[in-house]
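K.L.:
Give me coordinates for this.
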Amino acid sequence: CGAYLFGSDGIAKRGVQITFKDGLINCKKENLGTAGLALLWPIDGFGKVLLPTTCLPERDKPYILNLEIARAKLMQITIKREDWSFFNNNIEQFGETVKKAQDLFIRAIQNISDASLASKLADESLKKAIVFSEKLALARAQSLFDIRKKEHGFGRGCFGCRIDPARIDNPEYVEKVLRVFGFVMIPINWRTIEPRKDSYDFSAIDACIDVLGKEKLVIGAGPLLCFSRDHLPSWLVEGRVSFEKILDTAYE
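P.N.:
Numbers count the residues shown, from 1 in each chain. So this is what the prediction gives:
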């Protein structure tokens, strides 16, 4: 569920066939270039997460999936620590966790000829890497928050809400929004925008812009795509929906 191949640019590849049989995932694509596999992966004590491998060259001998997912997560951590200059005391309290993850991964590589053992070691490495990556992201967010706080960077526009387009004609509702918030998000619903293919209706969004555009507000809109049933046009979800069909119609 949710599995896809992607190229070095991170964009999903088209014309791909992914099958699973006898413990082996077989990925067929149109060219022989490198590609990564992303799929929902269970992590003990954490839950299912959509995780990628690194981009791997094509070969007949199968890769050990557990190992490649752990490799990609550790590589992502290294890249982000460099991007954010987080090799100092900012995350010193978590340093032991990532060191253990790296040591377990090295042991997995050393035992790569024993796929079962390598997989178990990679799973343990990934568990620790996931914990560290979450703490790393929180530390980064806290760091940026502290900088903004120090520089008095919190204006009225940083506190906002998502509005209800069905109530935009209600003056009392709008007055309460304007009194409290400096930022509003206008929801986008593909189902109401394109009720019939190639037939568009932006009246709900236009009504919101007409009312809010006159006020001193920061206005946003989105998400542009939401894949819950009540956001997808009925003409799109009738019958079998392929990834290619979703991609093409969303682009249009």
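
K.L.:
show me where the stretch 101-250 of the chain has helices.
P.N.:
Ranges of helices in the stretch 101-250 of the chain, per DSSP state H, counting those that start in this stretch, are 115-150, 171-180, 190-193, 203-212, 234-237, 243-251.

K.L.:
so I209 sits right up against F202, yeah?
P.N.:
No. The pair I209 / F202 is not scored as a contact, 9.2 Å apart, by CB atoms under 8 Å. Using the backbone N, CA and C atoms, a C-beta is placed for each residue, glycine as well.

K.L.:
neighbours of K61, just the number please.
P.N.:
K61 has 4 neighbouring residues, counting by other CB atoms under 10 Å.

K.L.:
Reduced to three states, what does it come out as?
P.N.:
coil (DSSP: H, G, I helix; E, B strand; the rest coil).

K.L.:
Give me the phi and psi for it.
P.N.:
Main-chain torsions, K61, degrees, to the nearest 10: phi -70, psi 130.

K.L.:
Roughly how far does it sit from S113?
P.N.:
Here K61 is placed at a distance of 12 Å from S113 (CB to CB, to the nearest Å).

K.L.:
Same question for K21.
P.N.:
24 Å.

K.L.:
Over to S119?
P.N.:
As judged by CB to CB, S119 and S113 stand 12 Å apart.

K.L.:
Could you provide the helices of the stretch 101-250 of the chain in TSV, with additional columns for mean neighbour count, distance to N66 and mean pLDDT?
P.N.:
Output for the helices of the stretch 101-250 of the chain, formatted as TSV (neighbours: other CB atoms under 10 Å; distance: least, CB to CB, whole Å; pLDDT from 0 to 100):
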stretch	mean neighbour count	distance to N66	mean pLDDT
helix 115-150	17	4	94
helix 171-180	12	49	94
helix 190-193	17	37	93
helix 203-212	15	45	95
helix 234-237	14	34	87
helix 243-251	12	25	82
